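Visitor: A structural model of the following input is requested.
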Amino acid sequence: MKSVECESETDIESNKQEGGNQSNTSQTKSLLLSDEWKPYLRPRTIVKEWLLKLRCCFGAVCGLEWYGFAALGILTAFLSFLMDFSVLKLLKAHQWLYMKLDNNSLLQFLCWTLYPVCLCVVGSTFSHNICPYSTGSGIPEVRTILVGFEMPHYLSVTHLFTKYVGLICTLAAGSTIFLGKVGPFVHLSTMVGAYLSNLCSLIQTKHRDNASREMLVVAAGVGVASCFGAPISGVLFSVEVMSSHFALRQYVPCFLSAACGGLTFRLFSMWSGDEETLQVLFKTNFPTAIPFYPLEILLFAFLGLLCGAVSCCYLYLHRTVQQFTKTNSVLKKMLTTEKGLYAGMVAFLLACVTFPHFAGQYMASKYTMKQLLTSLMDSRQWGSQTHNASVQLEPEPWFEWISTGNPFYFSLTFFLLMKMWMLVLACTLPVPAGYFMPVFVYGAALGRLVGDGAAHMFSLTSINPGGYALAGAAAYSGAVTHTLSPALLAVEVTGQYSHAVPALVATLLANGVARSRHRPSFYDALSIGKRLPHLPSLKKVFPQLPSTPVGQVLGGKSVQLQKAAGPAEVQDAVDSSTETQIPVVDSHESQILLGFVLRSELLMFLRHSKNETIEKHLDEVCCIHPISVLLSPHNTIQEAYSILSLVGAQTLFVADGGRLVGLLTWPEMKRILEDLTKEI
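Guide: Below is the predicted model:
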C-alpha cells in the first residue's frame, strides 16, 4: 500500500509541474513529507521519479515485454548453470567417497547404494510435504495450461523452489537412477515466465491481451535451450510438444529469449572454468573429409526403423507399468502416503543392480550421463581399438565398456536390455525428474551397437560409429516423444552438422513406426494417466472423442438472468454461480440469448440497489455485452476445444436457433473429457 500511495503522490506532483503551478507543487511536497511514519520519503520519491524516467527511456526503444523475454532467458540459464554446478559437486563427492573405500567392498556397496537412496528419499519427502504436485516431469501440466486451462498452483513460487531442490536431489543420484532434467526445467522456466509476466503487467501502463500466455509459450522453449545451450531446437521442441496452436507472432520472442538463454548458459560454463571458450556441450571428433558414404543412408534408415520398433516396446511397457501402479492397492497406497519409502526401495534396487562389482561393470555404471553420451559418440571403432587398450597411458572414453574383458557389443547389449526395464521402473519414482535425456542416451547406445556391429560384420574401416550413435539418439528420443526436433538437437549439442540428413532420415522413419495405429507418445501417456484435459493426447486412445457433438455431452441448465431481473434474482444468480460472465436472456420462457453481463457489474448493481428507494431492472443499470463467439450444439468437441484454445476465452455460450442451451468453460470441458474417457 505504501508503494501505491507513493506512486500516486508522485503522479500528482508531476502533473502539477506540467501545469506550471509551482506553489501547489511545493504544497504537495510538504504534505508528502509531513507523514513522519514514512521513512526516507524524499529519497524514495526521487528514486521513483528516476525509475519512471528510466522506464520511459526503455519503453521508447521497444516494448517492456521484450526486456522481459531477454530476462527470462538469462534467469533460466543462470538457474540451469547453478543446478548443474551443484549436481556436479555432489557427484564428485560421491565418487571421491567411493574411491576412498577402494579396499573394502562392503563399504563401497553401502556408499554406492545409500547415497542415491538418501537423495531420492530426501527429494521425494521434501516434494511431498511442501508441494505434492511437484513430482514428475511437469510437461503434461504445462501444455494443459498453454491451451487455456487455469492451474495457478502449478506456477507458484513455492512450487518453483520445491521442484528446483527436488530436481537437484534426483540428478545428484547420478546414472544409478538414470533420470534427467529437461521436463522439470521446462516447467521451472514456465514458472519464471509466469512471475516475469506478472511483473511486466505491474510495470506497464498498457497490458496487451494474451501477453501472459505468450510469455508462457516463450518460457517453454527457453527451458530446453537453457539445458543444452541449443536455442533453435529448444524452440522447435516447444512448438511440437508444448503448443497445440502456435502463433507465428511468437517465433521472434521465442528465438530472442532462447538465444539469450543458450548464450548465457555457455558463457557461465566458460566463466566457471569448465570450458576454454564457447563450444558445444558434447565434444565429438568426427572425420570432416568424408563424414559418411551415400550407401550408409540405408544403414541409417534401418537404424530409424529399429529405433521406432524399440520405442514401441518401451512405450507399451511404460503404459503397462503406469497402469499397474494405479490399480495395485499396495503400490497405490505407498505412492499416496509413503512416497519416501517407495522412492527409497526403488532407488536401492536400481543401485544394487548398477553396483560396479555386480552387474554395473557391464553397463559402464561409473559414467555420468554426459560421460556416457560422450563415450558412445566417439568416432573410432571400438573393435579395432580394443587390442591397444592395454598400452594407453590414459583411459579412453570407451574404456569402461571393455574393462571386464568382454567384447564391447556384449556390454552394449546388456546395457540396452537392463536399462529398458530400469528406466521404466525409475519413471515411477515420485520425484521431480526428466525423461528425455535417458532415452536420448539409450538411443545413442542403440545407434552405437548398429554402427560398430555393421563395421565388424562387413569389415568396413570407413564407418564412423559415432555418427550412428548421434542418429540413434535423435531417432529414439524423437520416436518416444513423437517429435522431429531431437534431430536438430543432436546436431546442435555436438556441432556435427554433416550428419543432419542421416539423423533426420532416421528420426522420420522412427516417428513413422512409433505413430502408427494412433499410439500415444510418452507425454501423451502421462497426460492420460493424470486425467488432464488435453484433447490431442486423449484422441489418440479415444478416436471418436473429437467428433462427439457438444450438445450430446453438455451439462445441466446454467445460471442465467432475464433482462428485467430485479435485485433478488441477481442476488440468487451471484450466490449460485462463480462464472465471470453470466448470460442474459430476453425472458425465462423464450430463452432468447441477448448477451452476457459481467459478475463485477452485478455486484455493483446490488450495491446501488441497496441505496436507492426505486427498484430498477438489470437492463436499466448494467451493460449487456454482445457475444463474439457463439457455439451450436452440433459443433464437435474438437471444434469447441480449438476455439477455447485459440480465442483464449474462459467461457463460450452454446445456443440453438438463438435459444440458450448452456455454457462451455474449461472446468466443464474437463468434466466432459473425463466422462467420455472413463473406460480408458
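Visitor: what segments of the stretch 301-450 of the chain are helices?
Guide: 329-337, 339-353, 369-376, 382-385, 408-426, 436-458 (DSSP state H, counting those that start in this stretch).
Visitor: what's the least confident stretch among those helices?
Guide: With a mean of 67, helix 382-385 has the lowest mean pLDDT of the helices of the stretch 301-450 of the chain.
Visitor: so for whichever strand or helix holds residue 46, mean pLDDT?
Guide: Residue 46 is part of helix 41-61, with elements assigned from DSSP states H and E. Averaging pLDDT along helix 41-61 yields 69.
Visitor: okay, the angle between whatever helix or strand comes next after it and helix 369-376?
Guide: Sequence order places helix 64-100 as the next helix or strand after helix 41-61, per DSSP H and E. Interaxial angle of helix 64-100 relative to helix 369-376 (axes from the mean of the first three to the mean of the last three CA atoms, to 10 degrees): 80 degrees.
Visitor: on that earlier part again, mean neighbour count and distance to residue 110 added to the helices of the stretch 301-450 of the chain, as a markdown table?
Guide: Placement of C-beta: from N, CA and C, glycine included. Shown next, in a markdown table, are those (neighbours: other CB atoms under 10 Å; distance: least, CB to CB, whole Å):
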| stretch | mean neighbour count | distance to residue 110 |
| --- | --- | --- |
| helix 329-337 | 13 | 24 |
| helix 339-353 | 20 | 10 |
| helix 369-376 | 21 | 24 |
| helix 382-385 | 17 | 33 |
| helix 408-426 | 18 | 21 |
| helix 436-458 | 24 | 26 |
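Visitor: nearest to residue 80, out of the ones you listed?
Guide: Closest of those to residue 80 is helix 436-458, at 13.0 Å (criterion: CB to CB).
Visitor: out of the helices of the stretch 301-450 of the chain, which gets nearest to residue 649?
Guide: helix 436-458 (32.7 Å).
Visitor: what residues sit buried inside stretch 492-511?
Guide: Buried residues in stretch 492-511, defined by neighbour count with 16 or more other CB atoms under 10 Å: 492-494, 496, 498-511.
Visitor: ranges for the helices of the stretch 551-680 of the chain?
Guide: Under DSSP H, counting those that start in this stretch, the stretch 551-680 of the chain gives helices at 567-576, 599-611, 618-621, 637-647, 666-676.
Visitor: and the longest one, average pLDDT?
Guide: Spelled out, it's helix 599-611. Here helix 599-611 scores 84 as its mean pLDDT.
Visitor: which other helices and strands contact that helix?
Guide: helix 567-576, strand 581-585, helix 618-621 (3 or more CB pairs under 8 Å, 6 or more residues apart in numbering; DSSP states H and E).
Visitor: tell me which of these sits nearest to residue 597.
Guide: Ranking the helices and strands packed on helix 599-611 by proximity to residue 597 (CB to CB) places strand 581-585 first, at 5.5 Å.
Visitor: please name the nearest non-neighbouring residue to residue 251.
Guide: residue 235 (7.4 Å; CB to CB, 6 or more residues apart in numbering).
Visitor: how much space separates that neighbour from residue 492?
Guide: For residue 235, the distance to residue 492 equals 11 Å [CB to CB, to the nearest Å].
Visitor: fine, thanks again, bye for now.
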